[in-house]
Every structure is written in C-alpha cells, then in structure tokens.
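Novice: pasting a predicted model and its sequence here:
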Amino acid sequence: MITGIESQDDIRKVFIIFSSIWGDETLSELVISIHTTTCIINKWSGEVVGYLFYKEDERDKAIEVTDFGVDNGLQNKGIGRQLIEHLFTKTDSIKLTVNVKNESANALYSKMGFREINRYENYYGVGSDGLRLVWMKKGD
C-alpha cells in the first residue's frame, strides 16, 4: 500500500532502510530530505518496506526523485515499481539520477520507460558515474 508517513514507527523504518543503503554517516541528509521533500512509503502487512522522496519542479512541472530505497531483503519483488508507478499518476515527467553500477535499479528504470539524458562523471565517487534519467508520459 502506497501512503505518506503516518507515524514515528514509519520514520524509524525509513531511517533503517536508508542507513542500510547509504550508511549511518549520511542520516543528516535524510533529515534534511524529510523537511524539504515529500515522502511516500510502501507498506506490506503494516510494515514499511520501501520509501521514495520527491519534489515537484514548478519550472517544468516534473517530479524529481531525490532518494529511493527498498528493504534489502525484499528487493526485486515489485516494491520499488509500485512506488514509481504511484508517481506516474501525479505527473507527466519524472527525473532522477542513479548510480551506473546499480544494475537492478537501472534495469527497473529501463523497463519502466526511463531514458538516459546525461551522465555525470564520478557523481557517486571515483569510478561511479551518475546517470541522469527521465520518464515522460506518452501522448494520448
């Protein structure tokens, strides 16, 4: 079930998933994200299993995904897909940046119709380029 954060327990679970992906030293970035973006979560049996932070870009009416994560033990089960599909109902355009080495995320984005528009050298550190991707709703 896709919803917004509803409780302190939801926030704690987002913190746990976030730190398992990015490490504890980046938790301050998550705190900033909570205050500057919108967060949606995916719950299975009442437990948070994935999150997605986004903000709306007023200039071009696109959604910018700023962070996105799924519980490590539950990846490749459609949780991330459901979060992205929820955004499809809110906009005609979605932008994000992903690590070129994140093969599972890149495969998901490709299947969902995202295309590469730019590449940022060493964006995630030396030897880890960032791929700038965009999804645009097809015309009716």
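Specialist: Perfect, thanks for sending it.
Novice: point to the residue nearest the middle of the chain.
Specialist: The chain has residue 68 as the residue nearest its centroid, 2.4 Å off, counting by C-alpha atoms, centre = their mean.
Novice: could you check which helix or strand contains that residue?
Specialist: Residue 68 is located in strand 62-70, with elements delineated by DSSP states H and E.
Novice: quick one: strands adjacent to that strand?
Specialist: Note on strand 62-70: by DSSP bridges, its sheet partners are strand 47-57 (antiparallel), strand 93-99 (parallel).
Novice: which residues does the first one contact?
Specialist: The list of residues contacting strand 47-57 from outside it, by C-beta atoms under 8 Å, 6 or more residues apart in numbering, reads 9-10, 13-14, 17-18, 33-34, 36-43, 62-71, 74, 79-80, 82-84, 86-87, 91, 95. Yep, even glycine has a C-beta here, placed from its N, CA and C like the rest.
Novice: can you flag the buried ones in the residues you listed?
Specialist: Among the contacts of strand 47-57, those buried by neighbour count (16 or more other C-beta atoms under 10 Å) are 10, 13-14, 17-18, 33, 37-43, 62-71, 74, 79-80, 82-84, 87, 91, 95.
Novice: pull the longest helix from this structure.
Specialist: helix 8-22 (DSSP state H).
Novice: next SSE after the worst-scoring helix or strand of the chain on mean pLDDT?
Specialist: Least confident helix or strand of the chain, by mean pLDDT, DSSP states H and E, is helix 27-36 with a mean of 68. On the C-terminal side of helix 27-36, the closest following helix or strand by DSSP H and E is strand 38-44.
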